[in-house]
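Participant: could you look at this predicted model? Sequence included:
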Amino acid sequence: MIFFRGRKAAGARNRPRKDGPGWLTRFTQLPWRRMAPLGGVLLAIGGVLLALRVAMDQPVQSVAISGRFQRVQPLDVEKAVRGALRGAGLVSVDLARIAAAVEAIPWVDRAAVARNWPDALRVQVVEQKPVARWGEGGLVNMRGEVFVQNAQHIPAELPELVGPAGHEAEMTARCLTAQARLAQSGLRLMRMTLDERGAWTLALDNGVSLRLGRQSVDERFDRFLSAAVRIVVARATEIAYVDMRYANGFAIGWRSAASGVQRG
């Protein structure tokens, strides 16, 4: 048997040659020594920032409360803030949680909380503004939200809304519109009713009932203001109701049985 040393096989002459080191070699040859100082600087900066955060995260020493208060007690606001702090400092405190705790107080509509360096919080409170009663003891705001279920003191000038649950916002919006337009004629809305069938009825402060029905409610109310309101203002003591549920007119029900019903 004969061995040929120092000669390559014929097929190996044309194989491509891999130049340069492999990826592992190249990775280990990166200039890590040059990058080490930069890493040290970044670590130092991170340490300084962390130390600064710890130093600034001081306990909250005071709470500054502002707002126009009629129903809400500032002391209750401060108690809510203190309870929601949970030992957090001025930096680590959750401002959203503080605001939610304040807004959970009855008659509070909105609360804005901000840090006041170096060791205080500022809390601005906006009280709820009732625009109508909901049923017997509830109160609704301008958005139609029932924010009190059993109010102890209800302003006498607030109209009463009576309707199915879930229609608070719709009834409030229509109530506010009707109030503003009736006031131009010297009338005031006392009660607005939406029955289970979807029919609307308005009770005015002069004792007249306005029947609007289920369909074209806004158009019928417009027609009342343009065609019937003058009669109601002039002869309110004689009128029991005005029925606008007619295609092109209205009917007046008189308080005296002898007067009957007049159609307009």
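Facilitator: In hand now; what should we look at?

Participant: now do the helices in this structure.
Facilitator: For the chain, the helices defined by DSSP state H cover 23-28, 32-56, 74-85, 95-103, 168-183, 217-223, 229-234.

Participant: and residue 149, how many neighbours?
Facilitator: Residue 149 sits with 12 neighbouring residues when counted by other Cβ atoms under 10 Å. For the C-beta atoms, the positions are set from N, CA and C on the backbone; glycine is no exception.

Participant: how about the nearest residue to it once chain neighbours are set aside: which residues does it bridge to?
Facilitator: Closest residue to residue 149 apart from its sequence neighbours, by Cβ to Cβ, 6 or more residues apart in numbering: residue 138 at 5.4 Å. Applying DSSP bridges to residue 138 gives these bridge partners: residue 134.

Participant: identify the residues contacting residue 138.
Facilitator: By Cβ atoms under 8 Å, 6 or more residues apart in numbering, the contact set of residue 138 is 146, 148-151.

Participant: quick one, which of those are buried?
Facilitator: Buried residues within the contacts of residue 138, defined by neighbour count using 16 or more other Cβ atoms under 10 Å: 146, 148, 151.

Participant: wait, doesn't residue 143 sit right on residue 169?
Facilitator: Yes. In this structure, residue 143 is within contact of residue 169 by Cβ atoms under 8 Å, at 6.7 Å.

Participant: how many residues are close by residue 232?
Facilitator: Using other Cβ under 10 Å, residue 232 is surrounded by 21 other residues.

Participant: over to the one 5 residues further on?
Facilitator: Burial of residue 237, expressed as a neighbour count using other Cβ under 10 Å, amounts to 9.

Participant: repeat for the one 10 residues further on
Facilitator: Using other Cβ under 10 Å, residue 247 has 5 other residues around it.

Participant: show me how the record splits the protein into domains.
Facilitator: Using automatic domain parsing, the domain parsing of the chain gives 62-127, 132-263.

Participant: ok, the nearest residue to residue 121 once chain neighbours are set aside - contacts?
Facilitator: Nearest residue to residue 121, sequence neighbours excluded (Cβ to Cβ, 6+ apart): residue 63, at 5.0 Å. Residues near residue 63 by Cβ under 8 Å, 6+ apart: 77-78, 81-82, 120-123.

Participant: go on, residue 241?
Facilitator: Residue 241 neighbours (Cβ under 8 Å, 6+ apart): 208-211, 252-253.
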